[in-house]
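S.K.: attaching a predicted model along with its sequence, questions to come.
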Amino acid sequence: MDKPFSPSSQENQQPILEVIAPRLAAARSVLEIGSGTGQHGVHFAAAMPHLRWQCTDVPEHLPGIRRWIEEAGLANLPAPIAFDVDTDWSDAFSHADYDAIYSANTAHIMSLAQVERLFGGVGALLPSDGLFLLYGPFSVDGRHNSESNARFDQMLRRNDPLSGVRDLRELEGFARAAGLALEAEIAMPVNNRTLVWRRQP
């Protein structure tokens, strides 16, 4: 099979790297939730050889991710792990030791209940002061930051009423319940944001 390729991942990986790299300078191991094609994992692991980058996704996406990882041949990029946010996090990562978690363009394709489980799992897995880096489109107080994001939200909800661009205030509620606090909200190209959450003591 050919490697899967996402043009948007290719375009956004360097701007994202510039935001997350300084915050991961002291990190040893990062867990990526929803690795998609695997492009981000390869790009970030190559740029940050001091840390171990662990890709995960649902089983049907793993063959494509493996193709990217095998071709890259990076010592700090192990084989991807099959994982779904609806499964038991404690079973999936019972022996894991991650000091940061990253996820890109996932919250808007999950149901709201799955997003809540995402935050709950992240809060349970991260150590004190660990970071959760969440990238994607987000609204604030019900307002989108562009017409294109508003149209994107409408399209998502037409195709799947459980999906949709998530509102920052809603996420803050999930975060508080999980012991996470919003540390930074960074504007990104194409009307996206990187949200930086820190696990509280």
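M.R.: Nice, thanks for sending it over.

S.K.: the longest helix in this protein is where?
M.R.: helix 7-23 (DSSP state H).

S.K.: contacts for that helix?
M.R.: Contact with helix 7-23 is made by 36-37, 39-40, 43-44, 47-48, 100, 102, 104-105, 131, 133, 135, 186, 188-190, 192, 194, 196, as judged by C-beta atoms under 8 Å, 6 or more residues apart in numbering. C-beta coordinates here come from the backbone N, C-alpha and C atoms, glycine included.

S.K.: swap in 7 Å and give it another go.
M.R.: 36-37, 39-40, 43-44, 47-48, 102, 104, 131, 133, 135, 186, 188-189, 194, 196 (C-beta atoms under 7 Å, 6 or more residues apart in numbering).

S.K.: which of those residues are buried?
M.R.: Burial by neighbour count, 16 or more other C-beta atoms under 10 Å: within the contacts of helix 7-23 this picks out 36-37, 39-40, 43-44, 48, 102, 104, 131, 133, 135, 186, 188, 194, 196.

S.K.: what's near enough to touch A47?
M.R.: Neighbours of A47 in contact, by C-beta under 7 Å, 6+ apart: L17, A21.

S.K.: mind pulling up the pLDDT for it?
M.R.: As predicted, A47 sits at a pLDDT of 98.

S.K.: got the phi and psi for it?
M.R.: phi -80, psi -20 (degrees, to the nearest 10).

S.K.: got it, and N145?
M.R.: Note on N145: backbone dihedrals following degrees, to the nearest 10 are phi -90, psi 10.

S.K.: how distant is the lowest-mean-pLDDT helix or strand in the chain from the center of its chain?
M.R.: Ranking every helix and strand in the chain by mean pLDDT, DSSP states H and E puts helix 89-92 at the bottom, with a mean of 86. Distance of helix 89-92 from the chain centroid (C-alpha atoms, centre = their mean, to the nearest Å) equals 18 Å.
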